[in-house]
Structure formats: structure tokens, C-alpha cells
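> below are the sequence and a predicted model for it; my questions follow.
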Amino acid sequence: MTGSLTAPDGRPIRVRMAPSPTGPLHIGTARTSLYNFLTARHAGGTYVLRIEDTDAARSTPEFERDIIDNLHWLGISWDEGPQVAGGDDVGEHGPYRQSARMERYAAEVERLLASGAAYRCYCSADELETARRAQDAAKEPPRYSGRCRTLTDAERAAFEAQGRRPAIRFAVPAETIHFDDLIRGEVAFDNALLGDFVIVRADGMPLYHLVVVVDDAAMAITHVIRGEDHLSNTPKHIALIRALGYPEPVFGHIPLILNPDRSKMSKRRSQTAISAYREQGYLPEAMVNFLAFLGWSPGTEEELFTLEELAERFEIGAVHKGGAVFDADRLDHLNGVYIRALTDEQLALRLRPFVPDALDDEDVRRVVPLIRERLVRLGDARELVAFLSETDAEVAAHYAADELVPKKADAAGTAAALSRARALVAELDPADFSADVLESRCREAAEDLGWKAGDFFRPIRLAVTGRAVTPPLFGSLELLGRDVTLARLDAALEKLAVAA
RNA sequence: GCCCCCAUCGUCUAGCGGCCUAGGACGCCACCCUUUCAAGGUGGAGAUCACCGGUUCGAAUCCGGUUGGGGGUACCA
């Protein structure tokens, strides 16, 4: 299973990703896109993006935009496909939106109709439903009876006269279809078990099975790499391909990404929109690495790869057959690793959209060393740095007076300790207001007081940040500055006095 | 129901007939470091390789069956 893929005729491969803009970019679609992208890059082939928007009722420009944006965000780019920002499509096999390819589908359907490979079906939804129910009752597989397959011209005319609008069905040949799946090897399906499926709706809209086959041929796709949920559609597609006289592409079906209960990953049970991960501050490089390893491994113990390195190593034939549970803990860990690998400058830049506007770029740059090891997601920074932009009153509102008091102390003792801290800060030459000086002075004060350093630091931390869990205390004080530190210490003292 | 696919620690995986008394990572536990929380370090628990039969001198690795799980069965994609 090594060596680069080539098309059957020895030419470079052409693969494609064909998302349907009926929802935001889904994690599974993202991984399928990634695997296609990596396969293309690895083999020096062409990667095509096609938007499958034939379902007009559910497709929206917003979802298309979301898909394209987030694919770009992940670093996945295509050689041919629709352009964002209203530009023309790129590539010679366009248009790359199915909604713009209707004439072509219509022409191919005509060919199918003319050759007898497809036929008009006048059955109504009710009739179909009744038939399905009868089959179910008789414990037969529910499939179309083929009733309209052999209609005479007169019968057809009669239906037309009744005003019935026909759907078009593909007359599935009763044969066993074999194909050699890139990932699963030999697979065989008996198409005699299939009913004739609809390829054009009564309203004239062509359906998925038809358009996918027409477009893959029109776009000269050599390798169709898609989710396992399409495995059982493949014999239908092959039958259609043969009826249309197209060259047969190679198929590869990658395993599904699973919910923790091992069912197909769904919005119901998991967070599936890539945009949601992006908004929480997952790094695209972490996402890509995580997704790549969900169902594939380089066979070594290395586990951190860039997109380029993945393209070099990725082997579609080495992809697993079994589904993989989406492990959010692992993603979190990986994201932290990638965050910590960033330089302070890079991290500051990436953090910008996640921290309050009230902090200027210099503030962000200065707080980075304090929080970098504490971030699982970039979005975690918000809470971690909140004390820097909150007002003194907001900070004070985060805690109650009794929270200031350590277990082994009382309110009076705590007040004394905080006063000591306040005095120490007040006496400090502004030029000495640094983390190091603050720390050594506070340690001395704690010793004087006979307090354990940790016990002494805790109320200061709460007073100044409003929180029990914060970045390192003295670095935080330094960032806050002397005046704010003093004011917040005063506020805590006052709170204590009021409570007493 | 029918068709198809799959099966190594809780999870992601290494493994392609002897190197496996099954390796790594995440998570979990303990300890160390430590001003909180993290990060980091060290150690640990955790898989009779789903089960049963074969093939073989030898099987996690090959074959068959069973069980379990999943996907598909639309005038959705």
C-alpha cells in the first residue's frame, strides 16, 4: 500500500470534496476534505472543490460561506473550485456549483431516457407509501416495484392527462457489482436487491446519485474518497456510470467519526461545527493534526505533524477500516501543545480576538508569558485576563468578605495581613513595582506575620483579581500597576470591615 | 427485516506469522516541583489482542463461524 496513486491511465490523480451547504462545515466533512487534500498533495494530483447545492430548500449561501471559510482556516486549499468574494470559479471543469450545472444534468438524463436506462414514473407519494407499507407488512425489503418501468405510451399519456408530473427513475440492472475499495479491498453488492431509484424529482430537480456521477465524470475525478456512509451507494453509482458510459473512478471509503456511544458523530451528541471549535480557540494546526490521526497513523510514534509533513506521509491505503470515537480530551491536549509551541509574539497575535478590546496590544503581549501554560483553548484567556480590564468594583463583586479569610485565620488577622500588604505596596518606590521585588517583600512580610506564604498570598490574590485561580500573583500585580493594586486592596479591607 | 462494513488498554493507536510476558499517546491515580491553577518531571493501574474453531513447529497477525457494534435501506446528501 505504498507508492503514489495514479489514475488508471497513469495520469496524475484528481480527487474532490463535495460538501453540501445545508449546514456549517461538519467535523466529518472536514476530515474527509483533509484526507482528499492530503491524498492529492501526496500524489501530486489535483484537488477539486464542488458545492453540492441541488437541495435548494436546505442549501444557503451562508453555509457555503461557512464551509469555504473554515476549510481555508484549516489550511485546506483547492486547485479547482468556486471562489469566495464573488470571483470566477478556478479551473476548466466548472462551474463548480451544482446549481449552475442543471443543463448538463438534463442532457445526461435525456441520454438515459433515450437509451431506456431511465424511465418516467408517475406513482404518487401516497401510492409509494402504501406500497412500502405493504412490503413492510409482508417482511419484504422496501423498494420500488418497478411498476412504471413498462408503461405503454397510452398509459403514460393517461397519467399525463390526469396532470401527474413524473419523477425519473434509473432502471437498475440486476447484476452484482464488484469494486476494489482503496481502504476496504474487494467489495460486492447485489444490485438485484435494489429498487429503481429516483434520479430526477417530479419538480425537475436532479438528485444526488445522478449529479454526483455526472459531475465526477465531467470533472475527470479519478479517485472518489468519501465517508463510509456512502459505501452502499457506490453500486448505484457504478451502475449509473456504466449506463452513461463514463470511465469508472477508484473508490475509497473512510471510516466514520463517532460519538462517544459509537454512533455516527452527530450534532445531537457532539459539537460538530468546525466554526464552533474555531470560536473557542482551537488552533487549526491542532485540529488538522487531530483529525488526520483519527483513523490513520504514520506507523511511528511521532505525533506532531504540520500539514506539509502530513501530505508527505499520508497514505490513503493505510487508513483504518473501523470508525474512531472523537476524543475531546485528546484534542484539548493537542491544542495545548500547539499553543505552548507558539512564541510569545505569535501567541499574542492569535490571542487578540479572544481578549477584551480594553487591553491594548502591549497589554496582551505582556500577559502572554503569564497565561501561556494555562491555556487549553485561546478562548480560555478571556477569564484568565478578565481582572486586567475589569473595574475595581467588578473585581470586588466576584468575592465575598469571608472568602478572604484563610481557614486558620480570622477576619481581624486577615485584615491585619492585608493592611500589611497594602503598606508594603504603598511604601514601594514606583520604580520597584515589579514581580520580583513584590514577591520578595511579600515573602518577608509573611514570615514577619508568622503566616505561611501561600496563606498570605491567597487573600491578596482574591482582593486584586476577584478570583481564587489566576495567573501567577506577582506578575499579575505588576501588570495591574501600583495604583490599581492599592485600590483593590483598600476595597478588600473595606469589605472585611463592613462584614465585621 | 434485508444488504454492506468493522472488531488491540476507557479513548486514539503501534503491530502485517516468531523481536509481544502486546509498544506509544490521551485520560485516570500517586509522588516531585510549586503562591492558586496550570505546565513540567517520575512512577503506576489499565488489553487473557470480542468469542469459538481451524491452518501452522509457532497467530493479535492467515482462514471459517459466532457474537457485538456501525452504516445504508428517501422524489436528503
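That came through fine.

> residues contacting A:S232?
Contacts for A:S232 were tallied using CB atoms under 8 Å, 6 or more residues apart in numbering; they are A:F189. Yep, even glycine has a C-beta here, placed from its N, CA and C like the rest.

> is it part of a helix or strand, or is it coil?
Recorded secondary structure, A:S232: helix (DSSP: H, G, I helix; E, B strand; the rest coil).

> ok, the one 4 residues further on next?
Local secondary structure at A:K236 is given as helix here, using three-state DSSP.

> so it sits against A:Y208, correct?
No. The criterion here is CB atoms under 8 Å, and A:K236 misses it with A:Y208 at 9.9 Å.

> the more surrounded of those two?
A:K236 (23 against 19; other CB atoms under 10 Å).

> tell me which residues of stretch A:378-390 are tucked away?
A:378-381, A:384-388, A:390 (16 or more other CB atoms under 10 Å).

> RNA strand B: which of the residues you listed is nearest?
Of all the buried residues of stretch A:378-390, A:L384 has the smallest distance to RNA strand B: 8.2 Å, by CB to the nearest atom of the strand.

> which element, helix or strand, includes the closest one?
Element membership of A:L384, judged by DSSP states H and E, is helix A:381-389.

> so what's A:T465 up against?
A:387, A:395, A:476.

> 6 Å - rerun?
For A:T465, the contact set (CB atoms under 6 Å, 6 or more residues apart in numbering) comprises A:F387.

> tell me how far it lies from A:Y105.
Applying CB to CB, to the nearest Å, the value for A:T465 to A:Y105 is 62 Å.

> are the helix holding A:L384 and RNA strand B in contact anywhere?
No. Helix A:381-389 stays clear of RNA strand B (CB under 7 Å from any atom of the strand), getting no nearer than 8.2 Å.

> where do the helices of the stretch 51-200 of chain A begin and end?
Secondary structure of the stretch 51-200 of chain A (DSSP state H, counting those that start in this stretch): helices at A:61-74, A:102-115, A:125-137, A:153-161.

> equivalent analysis for the stretch 201-350 of chain A, please.
Going by DSSP H, counting those that start in this stretch, the stretch 201-350 of chain A shows helices at A:208-218, A:234-244, A:274-280, A:284-292, A:307-313, A:328-341, A:344-351.

> those: which one's closest to A:S124?
In terms of CB to CB, the element of these nearest to A:S124 is helix A:208-218, at 21.4 Å.

> which positions in the stretch 51-200 of chain A make contact with RNA strand B?
A:52, A:54-55, A:58, A:121, A:123-125, A:128, A:132, A:139, A:141-144, A:167, A:184-185, A:187-190, A:193, A:197-198.

> list only buried entries from these.
Using 16+ other CB under 10 Å, the buried members of those are A:52, A:54, A:121, A:123, A:128, A:132, A:144, A:167, A:184, A:187, A:189, A:197-198.

> what's the neighbour count on the closest residue to A:G379 other than its chain neighbours?
Sequence neighbours aside, A:G281 is the residue nearest to A:G379 in space, at 3.7 Å (criterion: CB to CB, 6 or more residues apart in numbering). By other CB under 10 Å, 20 other residues sit near A:G281.

> now do the buried residues in the helix or strand hosting A:E403.
According to DSSP H and E, A:E403 maps onto helix A:401-404. Buried residues in helix A:401-404, counting neighbours by 16+ other CB under 10 Å, are found at A:401, A:404.

> average pLDDT across that helix?
Taken as a whole, helix A:401-404 has an average pLDDT of 94.

> good, wrapping up.
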